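Q: Next comes the sequence, and after it the predicted model I'd like to discuss.
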Amino acid sequence: MPVLGGRLALVRREKAAAQLTGDGLWDRIRTEAEDALAGAPMLAPLFLDSIINQSSFETALFHRIAARLKNDVVSQPLIVDTFNQAAADDTALAAALRADIAAVLDRDPACDRLIEPFLYFKGFHAIQTHRLAHWLWINGARDFALYLQSRSSEVFQTDIHPAATIGQGVFLDHATGLVVGETAVIEDDVSLLQDVTLGGTGKNTTDRHPKVRKGTIIGAGAKILGNIEIGAYTRVAAGSVVLRPTEPYSTVAGIPAKVVKVDEAGRQAAQQLDQVLSDLAYNSFNYSI
């Protein structure tokens, strides 16, 4: 029964992810919020203010994130207005928001409703806050960008430099303790677990942080240091310290990390979220992602 239940949940998530285009995404979120309201009327202000009384996915999401970030220095309306400016200036922002929330639904086995990342998941909110901070940074609003970075660190327990480049369909699971340096690059469809560091190796002020290519999964507590390339669809095992570049489709583990396997092209590491390297044989233990 547990296996069957897991398969049914996977089918539900896959079907839901396939519907996340255009207004279908917003319609689904509203329906889920209405169902949730019926089951938890004590949370009516949250469901009504964040979703049901909002006009669109973007408007609602900007409102929700701003509600979490606001304080005595920066108001909720100011954050919402700034999000709207960014969305009007960068048409790719809306696609990134949708790709990110679809990634959560597709890859997180504990999530089978869109309202969960939309309302609650700090990893999803941290990435969207970074998208706004990055837009501010590249448009010359350095102090506002740094303020949002600082505020996001307080609220979501992540520290992502506003200059870092992050692609679409990125899944940040649990989020706590993530550090992403100034010149780091995270490409599309990457999955990162908690306590991951994409760091530098000293006081060099030039390009000094990792470049994580498409479809990579980085396990909990892994540290990747220096201006090195993590090849597409790499698996980095939990707790590893990566100091050298990796080839595409490789699996690395250990301190310092070593290549323990190279797969044939085609494996979707991040999407599969394979967190136990059970396909590798060891005398005494398995590495885990």
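A: Done, it's in.
Q: and D188, how many residues sit next to it?
A: Look at D188: counted by other C-beta atoms under 10 Å, it has 17 neighbours. The C-beta positions use only the backbone N, C-alpha and C, and glycine is treated the same way.
Q: oh, I was asking about L97
A: Neighbours of L97 (other C-beta under 10 Å): 22.
Q: Off-centre distance for the helix or strand encompassing it?
A: Assigned by DSSP states H and E, L97 belongs to helix 92-107. Chain-centre distance of helix 92-107: 9 Å, with C-alpha atoms, centre = their mean, to the nearest Å.
Q: Which strands or helices does whichever helix or strand comes after it pack on?
A: Under the assignment DSSP H and E, the closest C-terminal helix or strand after helix 92-107 is helix 115-119. Packed against helix 115-119 by the contact rule (3 or more C-beta pairs under 8 Å, 6 or more residues apart in numbering; DSSP states H and E) you find helix 23-39, helix 57-69, helix 92-107, helix 122-138.
Q: Show me which positions of the second one end up buried.
A: Spelled out, it's helix 57-69. For helix 57-69, the neighbour count (16 or more other C-beta atoms under 10 Å) marks 57-58, 60-66, 68-69 as buried.
Q: Which residue, other than its chain neighbours, is closest to S50?
A: Spatial nearest neighbour of S50, excluding adjacent residues (C-beta to C-beta, 6 or more residues apart in numbering): R64 at 4.7 Å.
Q: and that neighbour, what is it in contact with?
A: Residues near R64 by C-beta atoms under 8 Å, 6 or more residues apart in numbering: 50-51, 118-119, 125.
Q: picking that back up, output the buried residues of helix 57-69 as a markdown table; include the columns pLDDT.
A: Output for those, formatted as a markdown table (pLDDT from 0 to 100):
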| residue | pLDDT |
| --- | --- |
| F57 | 97 |
| E58 | 97 |
| A60 | 98 |
| L61 | 98 |
| F62 | 98 |
| H63 | 98 |
| R64 | 98 |
| I65 | 99 |
| A66 | 98 |
| R68 | 98 |
| L69 | 98 |
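Q: Out of those residues, flag the one nearest to A40.
A: Closest approach to A40 among the buried residues of helix 57-69 (C-beta to C-beta): R64, at 16.7 Å.
Q: Quick one: list the elements packing against the helix holding L97.
A: Helix 92-107 is packed against helix 2-18, helix 23-39, helix 57-69, helix 76-89, helix 115-119, helix 122-138, strand 171-172, helix 269-272, with contacts defined by 3+ C-beta pairs under 8 Å, 6+ apart.
Q: measure the residue nearest to S50 to F124 for me?
A: 10 Å (C-beta to C-beta, to the nearest Å).
Q: coming back round to it: highest mean neighbour count out of the helices and strands packed on helix 115-119?
A: helix 122-138 (a mean of 24; mean count of other C-beta atoms under 10 Å).
Q: what about the closest residue in space to K258 that isn't next to it in sequence, which SS state?
A: Spatial nearest neighbour of K258, excluding adjacent residues (C-beta to C-beta, 6+ apart): V252 at 6.4 Å. What DSSP: H, G, I helix; E, B strand; the rest coil gives for V252 is strand.
Q: who touches V252 in this structure?
A: 234-237, 240, 242, 246, 258-260.
Q: Save these as JSON lines, and put in pLDDT and neighbour count too.
A: Converted to JSON lines, the contacts of V252 look like this (pLDDT from 0 to 100; neighbours: other C-beta atoms under 10 Å):
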{"residue": "T234", "pLDDT": "96", "neighbour count": "30"}
{"residue": "R235", "pLDDT": "95", "neighbour count": "29"}
{"residue": "V236", "pLDDT": "96", "neighbour count": "28"}
{"residue": "A237", "pLDDT": "95", "neighbour count": "26"}
{"residue": "S240", "pLDDT": "96", "neighbour count": "23"}
{"residue": "V242", "pLDDT": "98", "neighbour count": "26"}
{"residue": "T246", "pLDDT": "97", "neighbour count": "25"}
{"residue": "K258", "pLDDT": "94", "neighbour count": "12"}
{"residue": "V259", "pLDDT": "93", "neighbour count": "14"}
{"residue": "V260", "pLDDT": "91", "neighbour count": "16"}
